[in-house]
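Q: Quick one, fold the following:
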Amino acid sequence: MKLELGEAPIGKVASLARIPIAFRVEQVLDVTRTENGQGGFVLIARPIPTPYLKDYDAIPGEGPTQWARHFDLSHWGFIEARVAGRLVGGAVIAFRTANIIMLEGREDLAVLWDIRVSPDSRGRGIGSALFRAAEAWALANGCRQLKVETQNINLPACRFYEHHRCALKTVNRFAYPGFPEEIRLLWSKDISSAH
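A: The predicted model follows:
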């Protein structure tokens with residue numbers, strides 16, 4: 001498999017909608033603060049009695065086809081992953097966008113807005129290659145940190161970000177009124193010296 005990564009025009013980001021982001025939830029992460037007073041968190045996986053399918057793109061107003069309706073994408077980055085010319089994954093990096101609170105109004109912070117790999121191509125290192133490319137894109141645009149949002153129901157994503165040396169910085173149990181069982185997890189990685 002020869003993987004080709006490259007930046008694509010942000011105007012083509014809706015093409016990511018062809019790649020499913022849905023995943024099966026069989027476990028959730030229980031989140032507790034560490035006892036040592038250092039502000040860290042402990043994540044413990046717990047099986048749930050009734051597994052289900054979670055699809056972020058199925059939430060009204062969400063997904064790649066909707067982003068341009070809600071945000072100015074002119075400063076965003078879009079990295080495509082292709083194998084034999086076929087789109088198999090992508091990463092989208094939000095940057096310098098006033099109405100994205102996670103960016104904190106900073107010019108040196110980027111948010112990994114979306115990363116996905118087609119189900120038939122997962123487990124081959126494509127996600128890791130996309131993550132590294134997103135880091136490089138952010139660094140090339142003057143960023144010192146990369147932030148990522150996920151939820152405690154997305155155990156594979158949490159393990160992925162841990163593997164890529166992201167630190168869990170913020171836990172919000174009440175971030176999603178429509179999904180009260182989900183806990184918002186914000187990860188951060190200092191990228192100023194990562195490359």
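Q: What's the first helix or strand after the longest strand seen in the chain?
A: The residue-count maximum for a strand in the chain (DSSP state E) belongs to strand 41-54. Next in sequence after strand 41-54, counting helices and strands by DSSP states H and E, comes helix 67-70.
Q: how about the spatially closest residue to Val42 that is not a sequence neighbour, secondary structure?
A: Spatial nearest neighbour of Val42, excluding adjacent residues (CB to CB, 6 or more residues apart in numbering): Thr32 at 5.0 Å. In this view, the C-beta of every residue, glycine as well, is placed from N, C-alpha and C. Counting by DSSP: H, G, I helix; E, B strand; the rest coil, the backbone at Thr32 sits in strand.
Q: wait, isn't Thr32 in contact with Ile44?
A: Yes. Applying CB atoms under 8 Å, one finds Thr32 in contact with Ile44, separated by 7.5 Å.
Q: Name the residues that touch the longest helix seen in the chain?
A: In the chain, taking DSSP state H as the definition, the longest helix is helix 126-140. Applying CB atoms under 8 Å, 6 or more residues apart in numbering, the external contacts of helix 126-140 come out as 3, 5, 7, 77, 79, 81, 88-91, 93, 95, 110, 112, 115, 117, 146, 160, 163-164, 189, 191-192, 194-195.
Q: ditto for stretch 23-33
A: 39-48, 51-54, 152-156, 158, 171, 181, 183, 185.
Q: was I right about Ala17 contacting Gly63?
A: Yes. Counting by CB under 8 Å, Ala17 does reach Gly63; the two are 5.8 Å apart.
Q: Which parts of the protein are strands?
A: 3-7, 23-33, 41-54, 77-83, 86-95, 109-117, 145-151, 167-172, 184-190.
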